[in-house]
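Sequence below, structure please.
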Amino acid sequence: ATPTMRQHHAIPDDLTPSEQAFQVWRGLPELSRRLGLLVVVSWLISSLFPSLVRTLSLCPKNTFGLHLWNLATYAAVEPSLFSALLHAWMLIMVGRMVEPIWGSKELMKFVGVTTVAAGLGTFVTATLICMLASSSWLTDYYCGCMSVIAGLAVALKQLMPDFEVQFFFFPMRLKHLPFALVAFTVTMELFVGSGPRPVSTMMNEEGQEVLQKLPSRSGSALLVIFGTYGAWLYLRYFQSYLNASDRSAGS
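Sure, this is the predicted structure:
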């Protein structure tokens with residue numbers, strides 16, 4: 001049977017705009033709300049304590065130094081308020097479609113697997129590129145939750161492939177969303193750049209801590225590519241409740 005989304009209760013017309021907004025917020029699935037809120041709160045905390053940006057972002061050189069938590073915590077670091085709000089909104093919009101079908105527990109496991117898979121793939125690829133091309137990829141900082149959003153796009157492709165959404169004002173079926181997201185991210189990084197860079201504390205020549213922009217690929221296509229592929233692998237081979245026909249459809 002084709003999975004369907006839960007129906008939301010209608011919001012009374014006699015409520016004030018703020019009360020209506022609160023009712024809409026309460027009507028969203030709990031985990032999706034928390035994930036969106038986490039993105040904004042983590043940006044606020046890292047803005048108040050900039051040294052956390054270097055500690056949590058994925059930097060292959062630091063990961064070699066046994067900062068293995070970077071393979072997951074990079075997703076909690078956003079380089080700007082705009083990216084934090086945009087990604088929080090995207091997480092909520094996509095999560096509210098997946099969570100009613102999977103449930104909070106499965107969605108949380110999927111987010112964790114996708115995040116680590118994208119972090120590991122980015123770490124290995126950046127290391128290989130540095131070894132072969134002597135580039136700065138080893139000392140760049142990778143951050144942002146686009147890997148999770150890319151993974152959820154794969155989930156939507158499997159769950160409701162013919163459902164139509166707006167992708168930058170263009171109608172698109174969800175079965176085309178993962179490819180469109182990867183193509184858009186790669187194109188933007190090749191021709192526009194990696195976007196805003198996160199700010200953290202660095203030691204200057206006088207031994208003083210100062211705020212500086214880190215060398216960064218905050219919107220890295222690598223995170224999106226490996227988030228997409230990691231999600232596909234998990235759904236294709238490891239998601240426990242899928243039956244054989246569902247896994248075949250995932251291919």
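
ok, which stretches of the stretch 101-250 of the chain are helices?
104-133, 146-159, 177-191, 221-233, 244-250 (DSSP state H, counting those that start in this stretch).

Which of these sits closest to residue 139?
helix 104-133 (8.4 Å; C-beta to C-beta). The C-beta positions use only the backbone N, C-alpha and C, and glycine is treated the same way.

Pipe the helices of the stretch 101-250 of the chain into TSV and attach distance to residue 91 per row.
Putting these into TSV (distance: least, C-beta to C-beta, whole Å) gives the following:
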stretch	distance to residue 91
helix 104-133	9
helix 146-159	6
helix 177-191	13
helix 221-233	12
helix 244-250	22
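
Of all those, which one comes closest to residue 27?
Closest to residue 27 of the helices of the stretch 101-250 of the chain, according to C-beta to C-beta: helix 104-133, at 15.3 Å.

and the closest one, what other elements does it pack with?
Applying 3 or more C-beta pairs under 8 Å, 6 or more residues apart in numbering; DSSP states H and E, one finds that helix 104-133 contacts helix 30-48, helix 60-64, helix 70-73, helix 81-102, helix 146-159, helix 221-233.

which stretch in those helices has the least confidence?
Between the helices and strands packed on helix 104-133, the lowest average pLDDT goes to helix 60-64, which shows a mean of 86.

Any stretches of the stretch 151-251 of the chain with poor pLDDT?
193-219, 240-251 (pLDDT under 70).

go again using 90 as the cut-off
163-172, 184-221, 237-251 (pLDDT under 90).

circling back to that earlier point, of all the helices and strands packed on helix 104-133, which one is nearest residue 184?
It is, among these and with distance given as C-beta to C-beta, helix 221-233, at 8.8 Å.

Pull stretch 28-43 out as PDB, backbone CA atoms only.
C-alpha atoms of stretch 28-43 as PDB (Å, rounded to 0.1, in the frame of the first residue of the first chain):
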ATOM      1  CA  LEU A  28       3.900  19.700  13.400                       C
ATOM      2  CA  PRO A  29       5.500  16.300  14.300                       C
ATOM      3  CA  GLU A  30       7.500  16.500  17.500                       C
ATOM      4  CA  LEU A  31      10.900  15.300  16.300                       C
ATOM      5  CA  SER A  32      10.700  17.500  13.200                       C
ATOM      6  CA  ARG A  33      10.000  20.500  15.400                       C
ATOM      7  CA  ARG A  34      12.900  19.600  17.700                       C
ATOM      8  CA  LEU A  35      15.300  19.100  14.800                       C
ATOM      9  CA  GLY A  36      14.500  22.500  13.300                       C
ATOM     10  CA  LEU A  37      14.700  24.200  16.700                       C
ATOM     11  CA  LEU A  38      18.100  22.500  17.300                       C
ATOM     12  CA  VAL A  39      19.500  24.000  14.200                       C
ATOM     13  CA  VAL A  40      18.600  27.500  15.300                       C
ATOM     14  CA  VAL A  41      19.600  27.000  18.900                       C
ATOM     15  CA  SER A  42      23.000  25.500  17.900                       C
ATOM     16  CA  TRP A  43      23.700  28.500  15.700                       C
END
